[in-house]
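Colleague: Below: sequence and its predicted model.
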Amino acid sequence: MFDHIGLCISQLERSRRFYLEALGAIGYRLLAEYPVEVAGHRHVLGFGDERPRFWLSVDRAGSGTAHVAFTVDRRAQVDAFHAAGLAAGGRDNGAPGLRSHYHPDYYGAFLLDPDGHNLEAVCRGAGTDER
């Protein structure tokens, strides 16, 4: 279990638009923003549900990419995450669907963000939720 996680991004506004849409579809919103003058080293954005848990900081991305998976309660949220991320300029990296090779009820979708980070929404439910 992690308390929070951060990724480097290369372009603030492009990533802000993408993450507002993709994470908004699963209940995350922008909860904190600190410009360089406040943060002291780079501009940062903090997304979360109750508190910032997912941080983005403007830096030269490209020294490597990360994979981050967000847990959701319903398969419909996985579908919404994928659709919103595509509409916001993300690239498909795996359409919503069952991935039973991970777990019999593993339903996930994958997106590449504007900097190439692999994002996933996953529901591990029994598949009874309405779609």
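Modeller: Ah, there it is.
Colleague: low pLDDT regions in the protein?
Modeller: 1, 60-63, 127-131 (pLDDT under 70).
Colleague: Kindly recompute the last result at 80.
Modeller: Scanning the chain for pLDDT under 80 picks out 1-3, 40-41, 60-64, 126-131.
Colleague: residue boundaries of the helices in the chain?
Modeller: Under the criterion DSSP state H, the chain contains helices at 12-24, 36-39, 75-87.
Colleague: Please save the CA atoms from the first one in PDB.
Modeller: Output for helix 12-24, consisting of C-alpha atoms alone and laid out as PDB, is shown next (Å, rounded to 0.1, in the frame of the first residue of the first chain):
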ATOM      1  CA  LEU A  12       2.000  21.100 -17.600                       C
ATOM      2  CA  GLU A  13      -1.200  22.100 -19.400                       C
ATOM      3  CA  ARG A  14      -1.300  19.100 -21.700                       C
ATOM      4  CA  SER A  15      -1.000  16.700 -18.800                       C
ATOM      5  CA  ARG A  16      -3.400  18.700 -16.600                       C
ATOM      6  CA  ARG A  17      -6.100  18.400 -19.300                       C
ATOM      7  CA  PHE A  18      -5.400  14.600 -19.700                       C
ATOM      8  CA  TYR A  19      -5.400  13.800 -16.000                       C
ATOM      9  CA  LEU A  20      -8.500  16.000 -15.200                       C
ATOM     10  CA  GLU A  21     -10.500  13.900 -17.700                       C
ATOM     11  CA  ALA A  22      -9.000  10.400 -17.200                       C
ATOM     12  CA  LEU A  23      -8.900  10.500 -13.400                       C
ATOM     13  CA  GLY A  24     -12.100  12.500 -13.100                       C
END
